[in-house]
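> Build the 3D model from these lines:
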Amino acid sequence: MDAETTAARKQELRRTLRARRTETYSGQAGARRRTEEAERILAHASPLVVAVERAVAHAAAQGAAPPLVAAFHPTPTEADVMPLARRLADAGARLAFPAAASGEELEWVAWDGSSEFLRSPGKGFGREPQGERLGTGALAEAMLVLIPAVAVDRSRTRIGHGAGYYDRALTTLPPSAMVVAVIHPDELLEKGALVRGEHDVPIPAVLTADGLVSLVTSAGF
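So this is what the prediction gives:
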């Protein structure tokens with residue numbers, strides 16, 4: 001499939017998947033469902049929390065900085081990762097969230113675990129913290145990166161919102177970093193359901209309200 005056909009197919013998939021998400025998670029009933037699922041996401045993320053707690057303790061024993069975890073502030077219909085982000089901040093991790101940048105790379109901003117998120121000045125961006133700006137290369141220190149997606153399939157293909165920010169950011173990670181896409185249960189699709197472009201980075205794991213699943217081993221954590 002050539003690049004033009006791939007781009008057109010991905011845009012068609014985005015429209016279909018976003019429409020389904022809006023139908024399921026809009027309105028009061030959708031908001032209640034999303035809130036309930038956020039608590040299940042937090043419960044299923046316990047292996048990630050334990051790993052971060054151990055890394056925090058190890059860093060403290062070595063007199064080193066706490067581990068860095070990257071997360072995202074979700075839109076009103078995206079899977080709500082914020083309860084998990086707060087839990088990881090409480091565990092002692094440093095938290096970083098994406099912010100608008102002037103170029104093609106995401107800027108990363110520190111979050112203290114409780115401060116308010118404000119609307120981003122960048123077009124197409126959501127909310128961002130008002131903490132210390134960490135630069136575009138902050139993920140080079142990341143232990144865990146929680147990323148958004150429109151959907152992910154079991155071939156490890158992720159479809160995002162189309163700007164390529166996360167695919168570029170993921171190329172800066174250390175080899176040891178864990179990458180987990182946080183999505184709704186029905187957004188984990190069967191193998192081959194999505195088309196992968198030349199620059200799309202394969203995703204090793206997904207977290208939904210139904211569980212934490214490795215796409216490398218096709219098993220739960």
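> Flag every buried residue along the longest helix along the chain.
Looking across the chain with DSSP state H, the single longest helix is helix 3-25. Buried positions in helix 3-25, judged by neighbour count with 16 or more other Cβ atoms under 10 Å: 10, 13-14, 17, 21, 24-25. Just so you know, the C-beta spots here come from the backbone N, C-alpha and C atoms, and that holds for glycine as well.
> quick check, residue 169 in a helix?
Yes. According to DSSP: H, G, I helix; E, B strand; the rest coil, residue 169 belongs to a helix.
> for it, what are its contacts?
98, 105-106, 139, 145 (Cβ atoms under 8 Å, 6 or more residues apart in numbering).
> May I ask which two of the residues you listed are separated the most?
Across the contacts of residue 169, no pair lies farther apart than 105 and 145, at 14.7 Å, counting by Cβ to Cβ.
> partners of the residue nearest to the spatial centre of the chain in the sheet?
The centre of the chain sits closest to residue 147, judged by Cα atoms, centre = their mean, with a distance of 1.3 Å. Taking DSSP bridges, one obtains residue 181 as the residues bridged to residue 147.
> At which residues are the strands of this structure located?
For the chain, the strands defined by DSSP state E occupy 68-70, 94-99, 107-111, 118-119, 127-128, 133-135, 142-147, 151-153, 158-159, 178-182, 188-189, 205-208, 211-214, 219-220.
> can those go into CSV with extra columns for mean pLDDT and distance to residue 54?
Putting those into CSV (pLDDT from 0 to 100; distance: least, Cβ to Cβ, whole Å) gives the following:
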stretch, mean pLDDT, distance to residue 54
strand 68-70, 98, 13
strand 94-99, 96, 15
strand 107-111, 95, 22
strand 118-119, 90, 33
strand 127-128, 92, 29
strand 133-135, 94, 23
strand 142-147, 98, 10
strand 151-153, 96, 26
strand 158-159, 94, 27
strand 178-182, 98, 13
strand 188-189, 96, 27
strand 205-208, 98, 18
strand 211-214, 96, 17
strand 219-220, 56, 20
